[in-house]
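Trainee: coords please:
(chains A, B and C)
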Amino acid sequence: MKQRATVLLGSALGALAALVFAATRVVAADTVDPAADAKAFQNFFFQKFPTVKHEDFVNGPYSMNEDMKRQWREKEEFPPYEFSLDAGKEMFSTPFKNGKTYADCFPNGGIGIRQNYPYFDEKEGKVVTLELALNRCREANGEAPYSYVKDEMASLTAYMAFTSRGKPMDIKIPDDPRALAAFENGKRYFYTRRGQMNFSCASCHVQSPGERIRAETLAPALGILNAMPIYRSEWSGMGTISRRFVTCNSQTRAVPLEPQSDEYRDVEYFLSYVANGLPISGPGARP
Amino acid sequence: MKRSLALAMLLVSSLAPSARAANEADYKAAYAAAEAASKEAAGMRNQWTVTVSALAAAKKAADGGDFDRAVAAAREAEALAKASIFQATSEKDAWKAMEIR
Amino acid sequence: MASSIRVRATANGDITEVQALIQHPMDTGLVKDPKGELIPAHFIQELKFECNGKDVFVANWGTAVSKDPYVKFSFNGARKGDDLKISWTDNKGASDTTTAKIS
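Mentor: Next up is the predicted model:
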């Protein structure tokens, strides 16, 4: 803000051409400032929905619709993801053939760490998501990786999210140009229109949260990943973050990318970072 | 819309005295053009599902010997692929218009 | 393997409220698998809740009930600490039983 004021002051003193030049420079300066982006992103939703409590955004459509919220509260007494959660707990504690477990791959034994994912791996120079880390853990221990869109992965992440419930999302962007580039790329992916329907992620989840698309109420983009993985009644089953991205893409008639491709990893990084401070609420249940 | 347009074009071409049925060479040329455009779109990470199915429909019609339909589907695929390339190109900057800042 | 039945029964005065979630595919016999072949019908035919030797809830189900069905009902005449026995049988002859304490 201060920066912008200085630039504006400077340009007011200069010629008109200088003003235009300065204005474009402000835009460029904004784009490499994730903290400012996150603030603007959160403020947009807080102002658009002044009555919704900040920590309630992670409950997606339920934060936007009283009636749905009542039904969901009742459902939460006996949530449909319970089977998956139990399966995940069992899988998590079952040792691999070499005797090691998932706990050996993660800090704090994998418990209560969901809010730190995805993180930027400075060695690899890329974003590492929880789903990716789980499969890398399997491969490092001589096990075949799981499908990113199927139940096993959803069960594992459901359990890990459950142990982290209520912890505020805490994504870090290290002082590394590649990390900033990944964040920027994720942001670009989020706002870029694609598919024959000419929709971007933001078309639904920024412009129209709380509105209906056919029979469904759209969730706000803010905190949308905090509730992952989710039980979708529509799917009669669990869905991972990868599954969510893939189906969102194909619904706009865009051919989905491979799960855990760079774009998906980056958009997960962007969306998680801008939700920093909001609690983990996964596993979630959605209609 | 697109379909009715294609239909109208077909109708016109069938009424025109100089019209002739498409042959395999027409199909091959149309398909090659469509395939090239769709590859370009895929390279830009912006393939549309409808392009893929139109290409598949063209191939299927050609395998069944219906080259009129195969050529029409291939041209539709090409048009869709070109639209997706246009989208990807314009979105290189246009996405910023939607950004919250 | 863990039980396919999850139950929660809470007594509140005379009335006991029961919630149950059952893991079952509930295939209708009308859906095809990715290869285009019909998935044979596979559904729970009878679901029974017993308390103190008496049936308190019996359901004869068909294919119209969703996958992983959820049931909620309440009944009269049980006390905290009583046993509630839940059992189901499906059209392939499979069954499962579990017992829960009313809390």
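Trainee: for the closest residue to A:Arg114 other than its chain neighbours, what are its contacts?
Mentor: Excluding its sequence neighbours, the residue lying closest to A:Arg114 (CB to CB, 6 or more residues apart in numbering or on different chains) is A:Ser164, at 3.6 Å. C-beta: built from backbone N, CA, C; applies to glycine. Contacts for A:Ser164 (CB atoms under 8 Å, 6 or more residues apart in numbering or on different chains) come out as A:111-115, A:280, A:282.
Trainee: Do I have it right that A:Ser236 meets C:Asp27?
Mentor: No - using CB atoms under 8 Å as the test, A:Ser236 is too far from C:Asp27 to be in contact (11.2 Å).
Trainee: In terms of packing, which of these two has more residues around it?
Mentor: Legend: neighbour count by other CB atoms under 10 Å in any protein chain shown for A:Ser236 and C:Asp27, higher for C:Asp27 (17 against 13).
Trainee: if I read this right, that one contacts C:Pro40, doesn't it?
Mentor: Yes - counting by CB under 8 Å, C:Pro40 is a contact partner of C:Asp27 at 6.8 Å.
Trainee: What parts of chain C come near chain A?
Mentor: C:2, C:6, C:8, C:19, C:21, C:23, C:66-68, C:70 (CB under 8 Å from any CB of the partner chain).
Trainee: before we move on, back to that, confirm the residue nearest to A:Arg114 sits in a strand?
Mentor: No - per DSSP: H, G, I helix; E, B strand; the rest coil, A:Ser164 lies outside any strand segment and is coil.
Trainee: between the contacts of A:Ser164, which is nearest chain C?
Mentor: A:Gly282 (19.0 Å; CB to the nearest CB).
Trainee: so who does that closest one touch?
Mentor: A:Gly282 touches A:114, A:157-158, A:161-162, A:164-165, A:226-230, counting by CB under 8 Å, 6+ apart.
Trainee: can you pull the pLDDT of B:Asp26?
Mentor: We have a pLDDT of 90 for B:Asp26.
Trainee: so it touches B:Arg69, yeah?
Mentor: No - using CB under 8 Å as the test, B:Asp26 is too far from B:Arg69 to be in contact (11.7 Å).
Trainee: Compare neighbour counts for the two and give me the winner.
Mentor: B:Arg69 (19 against 16).
Trainee: Next, work out how far apart that one and chain C are.
Mentor: For B:Arg69, the distance to chain C (CB to the nearest CB, to the nearest Å) stands at 24 Å.
Trainee: Now that residue: phi and psi?
Mentor: With angles defined as degrees, to the nearest 10, B:Arg69 sits at phi -70, psi -40.
Trainee: My guess is it contacts B:Lys60. True?
Mentor: No - B:Arg69 lies out of contact with B:Lys60 (CB under 8 Å); the separation is 9.0 Å.
Trainee: all helices of the chain, in order?
Mentor: By default, I'm working from chain A. A:2-13, A:16-31, A:34-48, A:66-76, A:82-93, A:130-140, A:151-162, A:177-191, A:201-205, A:241-251, A:262-274 (DSSP state H).
Trainee: what number of residues lie near residue 80?
Mentor: By default, I'm working from chain A. 22.
Trainee: Wait, chain C was what I had in mind.
Mentor: Residues near C:Lys80, counting by other CB under 10 Å: 12.
Trainee: Am I right that it falls within a strand?
Mentor: No - using three-state DSSP, the secondary structure at C:Lys80 is coil, not a strand.
Trainee: Show the pLDDT at it.
Mentor: pLDDT for C:Lys80: 87.
Trainee: Also the one 4 residues further on?
Mentor: For C:Leu84, the pLDDT comes out at 91.
Trainee: Next: the one 5 residues further on.
Mentor: In the prediction, the pLDDT value recorded for C:Thr89 is 94.
Trainee: Let me see the contact set for the nearest residue to it once chain neighbours are set aside.
Mentor: Once flanking residues are discounted, C:Thr89 sits nearest to C:Ser95: 4.4 Å by CB to CB, 6+ apart. Counting by CB under 8 Å, 6+ apart, C:Ser95 makes contact with C:87-89.
Trainee: By neighbours, which of the residues of chain C next to chain A wins?
Mentor: C:Arg6 leads the residues of chain C next to chain A on contacts (other CB under 10 Å) with 21 neighbours.
Trainee: Find the nearest non-adjacent residue to that one, please.
Mentor: C:Leu21 (4.4 Å).
Trainee: On the pLDDT front, check the residue nearest to A:Phe199 when sequence neighbours are not counted for me.
Mentor: Excluding its sequence neighbours, the residue lying closest to A:Phe199 (CB to CB, 6+ apart) is A:Thr252, at 4.2 Å. Note for A:Thr252: predicted pLDDT of 94.
Trainee: Around chain B, pick out the residues from the stretch 51-200 of chain A.
Mentor: So the stretch 51-200 of chain A meets chain B at A:187-188, A:191-196, A:198, A:200 (CB under 8 Å from any CB).
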